[in-house]
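S.K.: Build me a model:
(2 chains)
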Amino acid sequence: MKNRELSEIFDKMADILEFKGDNPFKINAYRKAARVLKDLTEDIEKLAREGKLKDLSGVGSGIAKKIEEYLETGRVSKYEEVKEGVSEGLIELLKIPDLGPKTLALLHKEMNIHNMTELEEALQSEKARALPGMGAKKAENILRGIRLLKESGGRIPLGVALPLVNQVIELMKTKGIVREIFPAGSLRRCRETIGDIDLLATGKDGTRIIEEFTHLPVVTEVLAAGKTKGSVITHGGTQVDLRVVPGESFGAALQYFTGSKAHNVRLREIAKSQGLKINEYGVFRGEERIGGSTEEEVYQILGLPWIPPELREDRGEIDAAMKGSLPSLVELSDIKGDLHVHSDWSDGSATLEELAQEAKKFRYEYLLIADHSIAVRIAGGLSPEELLRQIEKIKKLNTKLKGITLLAGTEVDILSDGSLDFPDEVLEKLDVVVAAVHSGFKQDIHTMTKRILGAIENPLVDIIAHPTGRLIGGREPYAVDLNEIFSRSAATGTALEINAYYERLDLSDLNCREAQKRGAKLVISTDAHQPNQLDWMRLGIAVARRGWLEKGDVLNTLPLERFLNSLKR
DNA sequence: GCCGTTTTCGGCCCGACTGTTTTCAGTCG
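M.R.: The predicted model follows:
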């Protein structure tokens, strides 16, 4: 799909036009189109063929023409035109915190900057200080921005951010000076990666709260410390911001700082059309403050129901709220069992008994043991004989276990030629069969799609694990026609996994939503290799909620009997 | 460049903070 390529072109165009000082509204239009294309699960070529490009919000005649040109010729002449004389490296510098388009343009024009090295040298020189608007402080801040960018490299996975933020919140609570403290920002929306961590607190003494915050043991550098806002760098290079707000505007502030930006812009437009104004202090009619102590109130004044944070991405949630058709999202407490767990029979650390005991803490009814098959030798894959012995062991254990049922399963490899790593007569003996790709990631889209479809069409396969193989920040999804996978899964009754392992989150939020639209059933599983990793279920739930999934879309919300009956076999 | 139960032209979200300024531009979220 060319969706991503086009999205990147429009984003790049926005960057370059910003650098050149073009009309900010035009720049915004390109940014919006880029975002819409990035979120689009339908193939842009298909929409173009059907003449539906302009049905996309943010795509008008100008951008539609550029998309068509790209699909026909592989280039966008307007893009070639604007980037003339502007090097790639130069525009990359806009990623540096505290360095925006105006300052970059100034440094480029006056000091002939083209890349990071030249920029660093220039900022340390006397000549830079003499430029209008530039001073020692500003140069220093940009240099710090460069250091931060190099160190952190940008965003961290949600699963890494959560423990850090929990630690910070616990530490702040022990000080006894905050009344409430909550995460906001992309963390509250449960995005798969987090840039900065945003926290919001209420309490009497803002200065003291910020003072305590900037002196927490996890802090390595203090960027700002005022009466209402503190900003620090923690171990590992992640920035954490804490804002202290008055209790009466806590709801408005929470709404405002949770975002997303696109969601908030839509809300403020609606407010404006009703003669109202929203900011982080409340909702206003003229000078009069008419609400904002709770988030519910902010939405309610606009005539909307409260919208769950996971949906706030301007992906149709506001229209759904207006129509009263918001989904009733699946919740962690709906989950009745985990369907992908490794034991010490393959590469897991715990025994079957230990896993069963841990699962009881989550009040699960069942737990599916899904160790690797023999092809994945590096992970201690089981031979057919070992698997048969494991099945017997599980049967025996179940006669002793109380309050939980272990299910005998496997994570059987889908081999490069599309066949499965266990013969049918072995798979038939299992309660549930999970199948997955662990090799041959570089196959072309046709081969890979056919390979996975082979498993989906196999009557013995119940679930496809981590269907795209992507690793966040590590490995791109393999080339596969997901929409075809979703449609055939729906047709055959094969469930697709949302793998909750923090680096996978595979399917992704957008994938889930498309899979559900096409009628596929999903399961949420942790792929735990240690007992405590069963807790990753919350990450899988976050993905499912961001994918607009309801309880009925997720098979492992069903009690044991009904779950087993819902499987393909 | 997009968009329209105020509009096909004239709008396009809102405010804080910082650093550089004698009233504001740039950057960020």
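
S.K.: Run a quick check on A:Ala350 versus A:Glu358, I expect a contact.
M.R.: Yes - between A:Ala350 and A:Glu358 there is a contact at 7.4 Å, judged by CB atoms under 8 Å. For the C-beta atoms, the positions are set from N, CA and C on the backbone; glycine is no exception.

S.K.: Please enumerate the shared neighbours of the two.
M.R.: A:Pro531 (CB atoms under 8 Å, 6 or more residues apart in numbering).

S.K.: Can you name the residue of the stretch 101-250 of chain A nearest to DNA strand B?
M.R.: A:Gly135 (1.8 Å; CB to the nearest atom of the strand).

S.K.: Provide a list of residues in contact with that residue.
M.R.: Counting by CB under 8 Å, 6+ apart, A:Gly135 has contacts A:Arg129.

S.K.: Let me see the confidence value for it.
M.R.: A:Gly135 carries a pLDDT score of 84 in this model.

S.K.: what about the longest strand in chain A?
M.R.: With secondary structure taken from DSSP state E, chain A has its longest strand at strand A:405-413.

S.K.: then the next helix or strand after that one to CSV, C-alphas only?
M.R.: Counting by DSSP states H and E, the element after strand A:405-413 in chain order, helix or strand, is helix A:424-427. Listed next in CSV are the C-alpha coordinates belonging to helix A:424-427 (Å, rounded to 0.1, in the frame of the first residue of the first chain):
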residue,chain,number,x,y,z
ASP,A,424,-2.7,-33.2,12.0
GLU,A,425,-2.9,-36.2,14.3
VAL,A,426,-1.0,-34.3,17.0
LEU,A,427,-2.9,-31.1,16.5
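
S.K.: packing partners for helix A:424-427?
M.R.: For helix A:424-427, the packing partners by 3 or more CB pairs under 8 Å, 6 or more residues apart in numbering; DSSP states H and E come out as helix A:384-400.

S.K.: mind listing what's buried in the helix it packs on?
M.R.: A:Pro384, A:Glu386, A:Leu387, A:Leu388, A:Gln390, A:Ile391, A:Lys393, A:Ile394, A:Leu397 (16 or more other CB atoms under 10 Å).

S.K.: And for stretch A:411-425?
M.R.: For stretch A:411-425, by 16+ other CB under 10 Å, it's A:Glu411, A:Val412, A:Asp413, A:Ile414, A:Leu415, A:Gly418, A:Leu420, A:Asp421, A:Phe422.

S.K.: As TSV, those with pLDDT and distance to DNA strand B would be great.
M.R.: Formatted as TSV, those follow (pLDDT from 0 to 100; distance: CB to the nearest atom of the strand, whole Å):
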residue	pLDDT	distance to DNA strand B
A:Glu411	94	40
A:Val412	94	45
A:Asp413	93	43
A:Ile414	93	41
A:Leu415	89	46
A:Gly418	85	43
A:Leu420	93	47
A:Asp421	92	47
A:Phe422	92	50
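
S.K.: Can you name the two of these that sit furthest apart?
M.R.: Within the buried residues of stretch A:411-425, two members stand farthest from each other by CB to CB: A:Glu411 and A:Gly418, at 16.7 Å.

S.K.: Identify the residue nearest the geometric centre of chain A.
M.R.: Computing the C-alpha centroid of chain A and ranking residues by CA atoms, centre = their mean puts A:Glu192 first, at 2.3 Å.

S.K.: For that one, which non-adjacent residue is spatially closest?
M.R.: A:Leu505 (5.0 Å; CB to CB, 6 or more residues apart in numbering).

S.K.: how close does that neighbour get to A:Lys32?
M.R.: 25 Å (CB to CB, to the nearest Å).

S.K.: more crowded one of these two?
M.R.: More neighbours surround A:Leu505 than the other of A:Leu505 and A:Lys32, with 29 against 19 (other CB atoms under 10 Å).

S.K.: OK, contacts around A:Leu242?
M.R.: The neighbours of A:Leu242, taking CB under 8 Å, 6+ apart as the test, are A:Met172, A:Leu199, A:Leu200, A:Ala201, A:Ile209, A:Ile210, A:Phe213, A:Lys229, A:Gly230, A:Ser231.

S.K.: Now it: which helix or strand?
M.R.: Using DSSP H and E, A:Leu242 falls in strand A:239-244.

S.K.: Given that strand, what are its sheet partners and their directions?
M.R.: Strand pairing for strand A:239-244, determined by DSSP bridges: strand A:197-202 (parallel), strand A:229-234 (antiparallel).

S.K.: Make CSV out of the ones you listed and add mean neighbour count and mean pLDDT.
M.R.: Listed next are the strands paired with strand A:239-244 as CSV, based on neighbours: other CB atoms under 10 Å; pLDDT from 0 to 100:
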stretch, mean neighbour count, mean pLDDT
strand A:197-202, 23, 92
strand A:229-234, 21, 86
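
S.K.: In CSV, list the ones you listed along with distance to A:Lys46.
M.R.: Output for the strands paired with strand A:239-244, formatted as CSV (distance: least, CB to CB, whole Å):
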stretch, distance to A:Lys46
strand A:197-202, 38
strand A:229-234, 45
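
S.K.: Can you tell me which of those is nearest to A:Leu430?
M.R.: Across the strands paired with strand A:239-244, closest to A:Leu430 is strand A:197-202 (CB to CB), at 42.3 Å.

S.K.: can you tell if the closest one touches DNA strand B?
M.R.: Yes - counting by CB under 7 Å from any atom of the strand, DNA strand B is contacted by strand A:197-202 at A:Asp198.

S.K.: Kindly format the C-alpha coordinates of that strand as PDB.
M.R.: Taking C-alpha atoms only, strand A:197-202 is exported to PDB below (Å, rounded to 0.1, in the frame of the first residue of the first chain):
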ATOM      1  CA  ILE A 197       5.100  11.600  30.000                       C
ATOM      2  CA  ASP A 198       2.500  14.200  31.200                       C
ATOM      3  CA  LEU A 199       1.200  14.200  34.800                       C
ATOM      4  CA  LEU A 200      -1.500  16.300  36.300                       C
ATOM      5  CA  ALA A 201      -1.900  17.100  40.000                       C
ATOM      6  CA  THR A 202      -4.000  19.100  42.400                       C
END
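
S.K.: Identify all contacting residues around it.
M.R.: Contacts to strand A:197-202, defined as CB under 8 Å, 6+ apart, come from residues A:161, A:164-165, A:168-169, A:172, A:178-188, A:209, A:238-247, A:250, A:253-254, A:257.

S.K.: Figure out how far the helix or strand just after that strand is from the centre of its chain.
M.R.: Using DSSP H and E, the helix or strand that follows strand A:197-202 in sequence is helix A:206-214. Offset of helix A:206-214 from its chain centre (CA atoms, centre = their mean, to the nearest Å): 31 Å.

S.K.: One more: stretch A:409-416?
M.R.: On CA atoms, centre = their mean, the centre of stretch A:409-416 falls 27 Å from that of its chain.

S.K.: who's in contact with the nearest residue to A:Thr220 once chain neighbours are set aside?
M.R.: Closest residue to A:Thr220 apart from its sequence neighbours, by CB to CB, 6+ apart: A:Ile233 at 5.4 Å. Counting by CB under 8 Å, 6+ apart, A:Ile233 makes contact with A:Leu148, A:Val219, A:Thr220, A:Glu221, A:Val222, A:Leu223, A:Gln239, A:Val240.

S.K.: and with 7 Å instead?
M.R.: A:Thr220, A:Glu221, A:Leu223, A:Gln239 (CB atoms under 7 Å, 6 or more residues apart in numbering).

S.K.: coming back round to it: narrow the contacts of strand A:197-202 to those that are buried.
M.R.: Buried subset of those (neighbour count, 16+ other CB under 10 Å): A:161, A:164-165, A:168, A:172, A:178, A:181-188, A:209, A:238-246, A:250, A:253-254, A:257.
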